[in-house]
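> Structure for this input, please:
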Amino acid sequence: MVVLWNLSIQKSIGIAIRNHLYLDDGLTVVGFRVCSNTIDPKLVKITTRVDKTSGNDTFTWEVEVYTVSSGVWRSIPIDFPRKSTFFTWGQTFVDGVIYWHAFDNNEMDDGSCNMIISFDLTSKEFEEVLLQDCLVRFNGNLCSSKLKESLVVVKSYYEADKPVCDVWILRDGVPKSFAKLFNIVAPNGSVYSDIHAFRKNGGVIMKIDYIESTSTTLQVWFEAKVTIRSKMSLIREIKNKLTPAQTKIFRGTCFGHWLDINCDDNDPGYIHCILMNQIDRPKNFSINEREICEEPEELWF
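Residues are numbered from 1 along each chain as shown. Below is the predicted model:
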């Protein structure tokens with residue numbers, strides 16, 4: 001049985017599942033989401049059965065959709081892109097579509113063959129979303145999640161004995177495909193890491209296990225970009241505000257050489273004129289009736 005609970009109205013309903021989830025010859029997975037068009041909660045049940053008696057695995061599927069408004073299960077016709085698709089419980093809902101993590105079992109003799117199969121709640125159609133080859137053949141922890149309003153796939157592995165998580169995002173296009181967004185290397189001393197969830201602002205919540213620790217730590221990373229918009233005239237203000245002792249300390253930092261720059265307010269027209277008259281070897285010439293000598297230090301490029 002599946003129990004749906006609406007927290008806002010404090011009401012729950014129970015929905016019967018006719019067959020067991022774990023079968024001797026297969027598996028039943030259930031997905032739940034609310035259709036954005038009808039605002040009607042829906043369950044999607046996929047039963048995969050594998051017949052091994054013929055020597056070659058033969059796959060059969062049964063797909064049923066339950067809507068709360070009707071109160072009944074309805075079978076729908078299926079036409080999977082591959083005839084050996086095996087669904088797992090891993091799923092993510094984005095913009096009216098359920099994305100399932102699946103495998104192509106006939107391609108698994110030399111390793112995993114990962115797949116992402118989408119199911120549109122409105123059209124009730126299945127479609128395969130193309131994965132990059134490094135994700136298709138990855139024999140490790142691969143899962144899907146939602147970052148803001150986009151589907152992402154998280155690949156967890158080890159590099160130089162450190163846990164690493166790569167995040168791939170689904171890009172719109174024809175056909176749709178994934179592009180690597182960023183990766184996170186776990187801190188020193190960690191033995192396992194996994195991306196637990198994404199915050200609405202893009203922050204990453206990671207689950208990390210450390211050496212000689214019996215507890216699990218949740219840490220948050222944020223994708224950040226630093227943009228600096230400044231003016232050269234600020235150097236003059238900094239020099240005027242520093243005391244002799246502070247100037248000595250400042251000069252000992254990596255920014256100390258900025259104290260030696262003689263700056264003035266920018267004249268865009270003057271700078272543009274100089275840039276348009278660049279020459280290999282400076283010679284005497286005039287700009288706006290001002291004589292410019294051949295000394296290089298007088299040419300600010």
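> Give me the distance between Pro187 and Ser145.
Look at Pro187 and Ser145: by C-beta to C-beta, to the nearest Å, they are 21 Å apart. Just so you know, the C-beta spots here come from the backbone N, C-alpha and C atoms, and that holds for glycine as well.
> Neighbour count for those two, which is higher?
Ser145 (19 against 14; other C-beta atoms under 10 Å).
> which element follows the particular helix or strand that has that one in it toward the C-terminus?
In the assignment (DSSP states H and E), Ser145 maps to strand 141-147. With elements assigned by DSSP H and E, the helix or strand that comes after strand 141-147 is strand 150-159.
> Can you dump the C-alpha atoms of whatever helix or strand Val65 lives in in PDB for me?
Here Val65 sits within strand 58-67, counting by DSSP H and E. Provided in PDB are the C-alpha atoms of strand 58-67 (Å, rounded to 0.1, in the frame of the first residue of the first chain):
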ATOM      1  CA  THR A  58      13.300 -11.500 -22.100                       C
ATOM      2  CA  PHE A  59      11.900  -8.300 -20.600                       C
ATOM      3  CA  THR A  60       8.200  -7.500 -20.200                       C
ATOM      4  CA  TRP A  61       6.700  -4.400 -18.500                       C
ATOM      5  CA  GLU A  62       3.400  -3.300 -17.100                       C
ATOM      6  CA  VAL A  63       2.800   0.400 -16.600                       C
ATOM      7  CA  GLU A  64      -0.100   1.700 -14.700                       C
ATOM      8  CA  VAL A  65      -1.100   5.300 -13.700                       C
ATOM      9  CA  TYR A  66      -3.300   6.100 -10.700                       C
ATOM     10  CA  THR A  67      -5.000   9.500 -10.400                       C
END
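> tell me the mean pLDDT over that strand?
Mean pLDDT, strand 58-67: 86.
> go on, stretch 89-101?
On average, stretch 89-101 scores 88.
> tell me which residues in it are buried?
91-94, 97-101 (16 or more other C-beta atoms under 10 Å).
> In strands only, show me these.
Using DSSP state E, the members of the buried residues of stretch 89-101 that fall in strands are 91-94, 97-101.
> Could you export the residues you listed to CSV, including columns for distance to His196?
CSV is the format used below for those (distance: C-beta to C-beta, whole Å):
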residue, distance to His196
Gln91, 16
Thr92, 14
Phe93, 17
Val94, 18
Val97, 23
Ile98, 20
Tyr99, 18
Trp100, 20
His101, 17
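> Next one, pLDDT for Gln219 please.
pLDDT at Gln219 comes out at 64.
> before we move on, back to that, looking at the ones in strands among the buried residues of stretch 89-101, which is nearest Lys207?
For these, the minimum distance to Lys207 (C-beta to C-beta) is 17.4 Å, reached by Thr92.
> Name the nearest residue to the closest one, sequence neighbours excluded.
Ser144 (4.3 Å; C-beta to C-beta, 6 or more residues apart in numbering).
> Can you list the residue ranges for strands in the stretch 1-150 of the chain?
Assigned by DSSP state E, counting those that start in this stretch, the strands in the stretch 1-150 of the chain fall at 2-6, 11-15, 22-23, 26-34, 41-51, 58-67, 72-75, 85-94, 97-104, 114-120, 126-129, 141-147, 150-159.
> pLDDT weak spots in the stretch 201-301 of the chain?
Along the stretch 201-301 of the chain, segments meeting pLDDT under 70 span 211-233, 263-301.
> now with 80?
For the stretch 201-301 of the chain, the stretches flagged by pLDDT under 80 are 201-202, 206-236, 254-255, 258, 261-301.
> Would you confirm that Glu127 contacts Ile117?
Yes. Judged on C-beta atoms under 8 Å, Glu127 makes contact with Ile117 at a distance of 7.2 Å.
> Between those two, which is the more surrounded one?
Ile117 (20 against 17).
> Isn't the more buried one up against Thr85?
Yes. At 6.6 Å, Ile117 counts as touching Thr85 under the criterion of C-beta under 8 Å.
> Now for these two: what residues contact both?
Common neighbours of Ile117 and Thr85 (criterion: C-beta atoms under 8 Å, 6 or more residues apart in numbering): Ala102.
> give the contact list for Lys248.
Counting by C-beta under 8 Å, 6+ apart, Lys248 has no contacts.
> which stretch of helix or strand covers it?
Going by DSSP H and E, Lys248 is part of helix 244-251.
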